[in-house]
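>>> Sequence and predicted structure, then a few things I'm wondering about:
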Amino acid sequence: MFEKVARPDAVRRWEGEFPVRHRYTPGVAGEVFFTALRDRGVLLGSRCEECDYVYVPARLFCERCFAELAADTEVGPSGELVSFTIVFEGVDGESLNRPETLGLVRPDGADAVLLHRVLETGDEPLEIGERVEVVLKPEAERTGSILDIEGFRIVEP
Ligand SMILES: [Zn+2]
């Protein structure tokens, strides 16, 4: 429901609970990605030979040329920190007890980036281009979710 709000004083409101549920389906290639993450602890991507581009997570088709892709290219577990931000509020606007650092990481062998937590940032300020590696939950605790990745940690040079 999109409406242009021209008069903020005329905004309609819904009082009380708003019963919305959703279920995210990762799709065929996403399913392969999450299964590989859970069972083998690896990041699976998809290479488009036409575009010479490696997606991660894996894709069913190339978003550039629409070629059919396979979820068969292992990337990472190390990579490069491409960007990061520090957040002080949770997804519902609540203050976090401890700020969290979120990083965009390009896993080795991939062209695309993954967004996840940066763990143990230490005393030194983060720098773009730093080497990081993925930290996974213990195998017995993985469920086939993006949270099977605990985050990325800085790799000392
Ligand atoms: Zn392509």
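Alright, I've got the coordinates. Numbers count the residues shown, from 1 in each chain.
>>> element containing the residue nearest the centre of the chain, please.
Nearest residue to the geometric centre of the chain (CA atoms, centre = their mean): Leu115, 3.5 Å. In this assignment (DSSP states H and E), Leu115 forms part of strand 114-119.
>>> For that strand, give me every contacting residue.
With CB atoms under 8 Å, 6 or more residues apart in numbering as the test, strand 114-119 has contacts from 43, 56-57, 79, 81, 84, 100-107, 126, 132, 134-135, 146, 149-154. No exception for glycine: its C-beta is placed from N, CA and C like everyone else's.
>>> Buried only: go through those for me.
Using 16 or more other CB atoms under 10 Å as the burial test, the contacts of strand 114-119 include 43, 56-57, 79, 81, 84, 100-101, 103-107, 126, 132, 134, 149, 151-154 as buried.
>>> which ones among the residues you listed are found in strands?
43, 79, 81, 84, 100-101, 103-107, 132, 134, 149, 151-154 (DSSP state E).
>>> Quick one: residues contacting the closest residue in space to Ser145 that isn't next to it in sequence.
Leaving aside its chain neighbours, Ser145 sits nearest to Phe34 (6.6 Å; criterion: CB to CB, 6 or more residues apart in numbering). Contacts for Phe34 (CB under 8 Å, 6+ apart) come out as 26, 144-146, 148.
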